[in-house]
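>>> Curious how this folds, go ahead:
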Amino acid sequence: MNQTFRQSGKKAGVSATDGIDDQFVDAEVDSLPPPQPPVLASRGARILLGASLVLIAFNLRPLFSSLSVLLPEVMQATGLSSTGASLLTTLPVVCLGVFAPFAPKLAQRNGAERVLLGVLVLVTLGTALRGFGSVPLLFAATFITGAAIAIGNVLLPGLVKRDFPDNMALMTGLYTMALCAGAAAASGLTLPVEHYVTGSWAGALAAWAVPALAVLLLWLPQALTSRSKASHSGFRVTGLWRDRLAWQVTLFMGLQSALAYSIFGWLAPILRERGFDATAAGAIVSVSVMAQVVTCLAVPPIAVRCRNQSAVNVVLVTIAVAALLGILFAPTSMVLPLAVLQGIGQGGLIAAAMTVIVLRSPDPHVAAHLSGMAQGVGYVLAAIGPLLVGLIHGWAGSFAAAAILFVALGLGVAVMGFGAGRASLVGARTIRIEDRG
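Numbers count the residues shown, from 1 in each chain. Here you go, the predicted structure:
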């Protein structure tokens, strides 16, 4: 066992970048033989690999925010009800939870590079299918793309960590910014693409297949020439699912994700209901998402220096929910700064949830399994958020009524975040399978 795995931010030798680096949990850590980084013949090949991983990250978020800014048009053109729209915004979040647990086994059997190639194929295909404008195909495309993104969400951070161990701070920053940039670009550019390029909402949604296809062609030769060997799971973790702290970490991840994906799915319609035109609403959402980069990068090194992270977690959720309530009820002149503030709080919560997974784990194997538990259960729980927002809007006729839901989610995040932030370790242990009689 690796007894030097960080257990507390007070451990000796914590550097300014440690908290950033340790957000990334390697999903293949249980593999035997352990996966090795590729042997690159030149600096150019290394730059190409790094750029490819960052560009893959960019394509893991447009699915969520591109639909959000066009949702009123989609509902009007297709006759989709508020309930149907709620299910459509909820479906990809459900996929994140349902399909994430399959990622490590797929990587062990086929190699992470080739699995990521399959992810890109499905993201490209699923995104392109949205261009037909059919409601059944829209749901099918969302399901396909959401399932692929779930796999990519799990494997890509481990590849970044594995292949760039000496440049983790730089690569983590680029990876994080790429995720936010993908969401922000889809929020800010989907409507201009509809107005000036495709002329239809379906074409604007399908247009996001173009960058996915470009990265697919870039990644194809790298994936096919990788020398990944089949491996098997050499370790198992016991006691995790019975541990109270593990469930607090999981519920912290799930409830903050419910808040986050409610924002992804419904912030643009909320802004349009408040009187902003579609382009302005998309631009505000884009700015809010990019504001998340600040605390995504700043929170982990702060968190690991704290004796515990309870106060950090509670402060962040207070900021996020208070700003969201301001967006709902404050004068419209205040909406832009409130959107930035909401992004800062929400980005910090995402980073804090990922960081406590590592800080509450006694070794990398437990961290990987706790990450799988938090994502598998947490994202299924997270799907409740956007679903309820749409249902509340359909029932009340206004997004203002959703304020009750946002406050309830905020209270849940605060309670679970306080518990998950305590300086303790989950009561799970790792067993090496080969050592058992």
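>>> For the strand or helix carrying residue 188, give the mean pLDDT please.
Using DSSP states H and E, residue 188 sits in helix 168-193. The pLDDT scores in helix 168-193 average 89.
>>> Can you spell out which helices and strands pack onto that helix?
The helices and strands touching helix 168-193, judged by 3 or more Cβ pairs under 8 Å, 6 or more residues apart in numbering; DSSP states H and E, are helix 18-21, helix 43-58, helix 62-78, helix 135-163, helix 201-206, helix 278-305. Just so you know, the C-beta spots here come from the backbone N, C-alpha and C atoms, and that holds for glycine as well.
>>> how much space is there between the residue nearest to the spatial centre of the chain and residue 95?
Nearest to the mean C-alpha position of the chain, by Cα atoms, centre = their mean, lies residue 153 at 6.6 Å. According to Cβ to Cβ, to the nearest Å, residue 153 and residue 95 sit 10 Å apart.
>>> again, but for residue 389
Residue 389 sits 18 Å away from residue 95, going by Cβ to Cβ.
>>> Would you mind telling me which of these two has more residues around it?
residue 389 (29 against 24; other Cβ atoms under 10 Å).
>>> list the contacts for the nearest residue to residue 419 once chain neighbours are set aside?
Leaving aside its sequence neighbours, residue 419 sits nearest to residue 248 (Cβ to Cβ, 6 or more residues apart in numbering; 3.9 Å). When the contact criterion is Cβ atoms under 8 Å, 6 or more residues apart in numbering, the partners of residue 248 are 416, 419-420.
>>> what packs against the host helix or strand of residue 377?
Per DSSP H and E, residue 377 falls inside helix 364-382. If you count contacts as 3+ Cβ pairs under 8 Å, 6+ apart, helix 364-382 packs onto helix 82-99, helix 135-163, strand 235-238, helix 244-273, helix 335-359, strand 429-432.
>>> Can you spell out which helices and strands pack onto the second one?
Secondary-structure packing of helix 135-163 (3+ Cβ pairs under 8 Å, 6+ apart): helix 43-58, helix 62-78, helix 82-99, helix 103-110, helix 112-129, helix 168-193, helix 364-382.
>>> C-alpha coordinates for the second one, CSV please?
This means helix 62-78. Taking C-alpha atoms only, helix 62-78 is exported to CSV below (Å, rounded to 0.1, in the frame of the first residue of the first chain):
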residue,chain,number,x,y,z
PRO,A,62,-21.0,21.5,-25.4
LEU,A,63,-23.7,18.9,-25.2
PHE,A,64,-25.0,20.5,-22.0
SER,A,65,-24.9,24.2,-22.6
SER,A,66,-25.6,24.3,-26.4
LEU,A,67,-29.2,23.0,-25.9
SER,A,68,-29.8,25.4,-22.9
VAL,A,69,-29.6,28.6,-25.0
LEU,A,70,-32.0,27.2,-27.7
LEU,A,71,-34.4,25.3,-25.4
PRO,A,72,-37.3,27.8,-25.9
GLU,A,73,-36.9,27.5,-29.7
VAL,A,74,-36.7,23.7,-29.5
MET,A,75,-39.9,23.5,-27.4
GLN,A,76,-41.8,25.9,-29.7
ALA,A,77,-40.6,24.1,-32.9
THR,A,78,-41.2,20.5,-31.7
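>>> Relative to the whole chain's centre, how far out is that helix?
20 Å (Cα atoms, centre = their mean, to the nearest Å).
>>> Could you tell me the angle between it and helix 278-305?
Interaxial angle of helix 62-78 relative to helix 278-305 (axes from the mean of the first three to the mean of the last three Cα atoms, to 10 degrees): 150 degrees.
>>> Low-confidence ranges, the stretch 151-300 of the chain, go.
228-229 (pLDDT under 70).
>>> related to what we said a few turns ago, could you dump the helices and strands packed on helix 168-193 to TSV with distance to residue 189?
TSV is the format used below for the helices and strands packed on helix 168-193 (distance: least, Cβ to Cβ, whole Å):
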stretch	distance to residue 189
helix 18-21	28
helix 43-58	13
helix 62-78	9
helix 135-163	18
helix 201-206	9
helix 278-305	8
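>>> of all these, which lies closest to residue 402?
Set against residue 402 and scored by Cβ to Cβ, the helices and strands packed on helix 168-193 come closest in helix 62-78, at 14.5 Å.
>>> what packs against the closest one?
helix 82-99, helix 112-129, helix 135-163, helix 168-193, helix 201-206, helix 244-273, helix 278-305.
>>> now the helix or strand that the shortest one is followed by, how far from the centre of its chain.
Put plainly, it is helix 201-206. Per DSSP H and E, the first helix or strand lying C-terminal to helix 201-206 is helix 209-224. When distances are taken as Cα atoms, centre = their mean, helix 209-224 is centred 21 Å away from the chain's centroid.
>>> Show me what the helix or strand that helix 209-224 is followed by pairs with in its sheet, parallel or antiparallel.
Next along the chain after helix 209-224, taking DSSP H and E as the criterion, comes strand 232-233. Strands flanking strand 232-233 in the sheet, each with its direction: strand 31-32 (antiparallel) (DSSP bridges).
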